[in-house]
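Participant: I'll drop the sequence and a predicted model, then ask my questions.
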Amino acid sequence: MFGGFSRDMGIDLGTANTLVYVKGKGVVVREPSVVALRTDTDTIEAVGNSAKNMIGRTPGNIVAVRPMKNGVIADFETTATMMKYFIQEAQKTRSVFSRKPNVMVCVPSGITAVEKRAVEDATKQAGAKEAYTIEEPFAAAIGADLPVWEPTGSMVVDIGGGTTEVAIISLGGIVTSQSIRIAGDDIDEAIIQYVKKTYNLMIGERTAEALKLQIGSAGKPEEFDSMEIRGRDLLTGLPKTIDVTAEEISSALGDTVNQIIEAVKVTLEKTPPELAADIMDRGIVLTGGGALLRNLDHVISEETKMPVIVAENPMDCVAIGTGRALENLHLFKSKAGITSRSRSK
Ligand SMILES: Nc1ncnc2c1ncn2[C@@H]1O[C@H](COP(=O)(O)OP(=O)(O)OP(=O)(O)O)[C@@H](O)[C@H]1O
């Protein structure tokens, strides 16, 4: 599949980040899913890291947009342009004889046929020869080295920016799954709302994310911690600096974390007993950036009475899984919801 002059690739097209995996090279692109557009000339100003730095800081004629929302395409043209840029980045050293790459892209498991087709079309428009899609939790499980082909139950919880995907996998298929459009972005939004309500202070999404990364935790924080943040005072309209504690942030994100835990519980309730016993033995595996939220594994473990493990490099699992799926296409067809669109369609 990866022979000859091709450089086929797996793409984790995420709400927050896009990762591109190339066989033998690993993850070669890892950038925020952000595009900066010039509104006066209707042209692209920047993509990825440099575009993310512009969020909330752009002059009137430039807007920084996130073309993916809740795991699906919100802005088709911008997504296709962004993918084209990332595919080109991943192919930087390709020879002039290279053919167009085959590309496997992950999609949330709760996606509609129209939403899935939009991903396939955007991938083709971005330069793919053949576009395949794979359900995100299945890709995450492959990337986390779970025994997806064996007659044993594996459970994966992939917590991204826009979606949380929970799935039980056995014998190369998803037995039961739950996809909720609640994830890291909602935690950031909860922090923004908390600071606004408590301190009359408006903060941006980058500040909210920084609070989450630096002092956020699921459940009660183990130690006292605090962080200084800046925003705009809603009463005076002027910039203001305040200190926020880890305890405040943990209570602000409590509701969102509970919704994620609820999705895990609902999926476990629908799991056949034999598979539930397997999961009891090997544990629930967490992937995605949200898996890195401090203490989340312990809180899920307490609530479900199951062992919970954070995958190694949780943010890379989906990209690695999509790439490996493309390498082993013959094993997957018709099993894990893989579909494809070729150029002629
Ligand atoms: N250390 C951390 N603690 C808490 N959250 C984190 C941490 N690191 C990253 N995140 C969060 O993980 C999310 C991004 O994860 P990821 O890149 O897996 O999502 P995505 O694939 O872009 O989204 P989706 O799968 O929903 O489309 C962001 O909300 C980010 O703030």
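Facilitator: Happy to help now that I have it.
Participant: what about V28, which SS state?
Facilitator: Put simply, V28 is strand when judged by DSSP: H, G, I helix; E, B strand; the rest coil.
Participant: these two touch, right, it and V22?
Facilitator: Yes - counting by Cβ atoms under 8 Å, V28 touches V22, with 5.2 Å between them. All C-beta atoms are positioned from the backbone trio N, CA, C, and that covers glycine.
Participant: Look up how far G127 lies from Q91.
Facilitator: 9 Å (Cβ to Cβ, to the nearest Å).
Participant: And T271, by the same measure?
Facilitator: Counting by Cβ to Cβ, the gap from T271 to G127 is 40 Å.
Participant: higher neighbour count, those two?
Facilitator: Between T271 and G127, T271 has the larger neighbour count (other Cβ atoms under 10 Å), namely 18 against 15.
Participant: And the pLDDT for the more buried one?
Facilitator: The score at T271 is 95. That number is its pLDDT.
Participant: how about it, what does it touch?
Facilitator: By Cβ atoms under 8 Å, 6 or more residues apart in numbering, the contact list for T271 reads G153, M155, I168, V175, T176, I279.
Participant: got the contact list for the last one?
Facilitator: For I279, the contact set (Cβ under 8 Å, 6+ apart) comprises G153, S154, M155, I168, L268, T271, M306.
Participant: buried stuff in whatever helix or strand it lives in?
Facilitator: Assessed by DSSP states H and E, I279 sits inside helix 273-282. Across helix 273-282, burial judged by 16 or more other Cβ atoms under 10 Å covers L275, A276, D278, I279, M280, R282.
Participant: ok, the residue in the chain sticking out farthest from the centre to V244 distance?
Facilitator: Distance from the centre of the chain peaks at T236, with 37.5 Å (Cα atoms, centre = their mean). As judged by Cβ to Cβ, T236 and V244 stand 19 Å apart.
Participant: Double-check G283 against K305; I have them as touching.
Facilitator: No - with contact defined as Cβ under 8 Å, G283 does not count as touching K305 (11.6 Å).
Participant: For those two, indicate the residue with more neighbours.
Facilitator: The neighbour comparison of G283 against K305 (other Cβ under 10 Å) goes to G283, with 15 against 8.
Participant: Just give the nearest non-adjacent residue to that one, would you?
Facilitator: Leaving aside its sequence neighbours, G283 sits nearest to P307 (Cβ to Cβ, 6 or more residues apart in numbering; 3.6 Å).
Participant: Now for that neighbour: which residues touch it?
Facilitator: Here P307 is in contact with M280, R282, G283, I284, S301 (Cβ under 8 Å, 6+ apart).
Participant: okay if I get these as TSV plus pLDDT and distance to the ligand?
Facilitator: Listed next are the contacts of P307 as TSV, based on pLDDT from 0 to 100; distance: Cβ to the nearest ligand atom, whole Å:
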residue	pLDDT	distance to the ligand
M280	95	26
R282	93	22
G283	97	20
I284	98	17
S301	98	17
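Participant: Show the residue spans covered by the strands in the stretch 151-300 of the chain.
Facilitator: 154-159, 164-170, 173-180, 201-202, 226-233, 239-245, 284-287 (DSSP state E, counting those that start in this stretch).
Participant: Distance from the last one to the middle of the chain?
Facilitator: With Cα atoms, centre = their mean, to the nearest Å as the basis, strand 284-287 stands 14 Å off its chain's centre.
Participant: Note down every partner strand of it and its orientation.
Facilitator: Note on strand 284-287: by DSSP bridges, its sheet partners are strand 154-159 (parallel), strand 308-310 (parallel).
Participant: can you state the direction angle for the first one and strand 164-170?
Facilitator: Taking axes from the mean of the first three to the mean of the last three Cα atoms, to 10 degrees, one finds strand 154-159 and strand 164-170 inclined to each other by 170 degrees.
Participant: which residues are in contact with strand 154-159?
Facilitator: 136-137, 140-141, 144, 146-148, 164-170, 183-184, 260, 264, 267-268, 271, 278-279, 282-291, 293, 296, 300, 317-318.
Participant: Now for V28 and V22: what residues contact both?
Facilitator: What both V28 and V22 touch, as defined by Cβ under 8 Å, 6+ apart, is the set A90.
Participant: How about the residues of the protein by the ligand?
Facilitator: Residues of the chain lying close to the ligand by Cβ under 6 Å from any ligand atom are 12, 14-17, 71, 160-163, 183-185, 209, 212-213, 288-290, 292-293, 315.
Participant: Now which of those residues would you call buried?
Facilitator: 12, 14-17, 71, 160-163, 183-185, 209, 212, 288-290, 292-293, 315.
Participant: Just the ones of those residues in helices?
Facilitator: Residues of these located in helices (DSSP state H): G184, D185, E209, K212.
Participant: which one among those gets closest to L253?
Facilitator: Using Cβ to Cβ, the shortest approach to L253 within those belongs to K212, at 7.1 Å.
Participant: doesn't S250 make contact with that closest one?
Facilitator: No - K212 sits out of contact with S250 when judged by Cβ under 8 Å, with a separation of 10.1 Å.
Participant: check contacts around the residue of the stretch 1-150 of the chain found nearest the ligand.
Facilitator: The stretch 1-150 of the chain approaches the ligand most closely through G14 (2.2 Å), counting by Cβ to the nearest ligand atom. Applying Cβ under 8 Å, 6+ apart, one finds that G14 lies in contact with S33, M68, G71, G160, G161, G162, V318.
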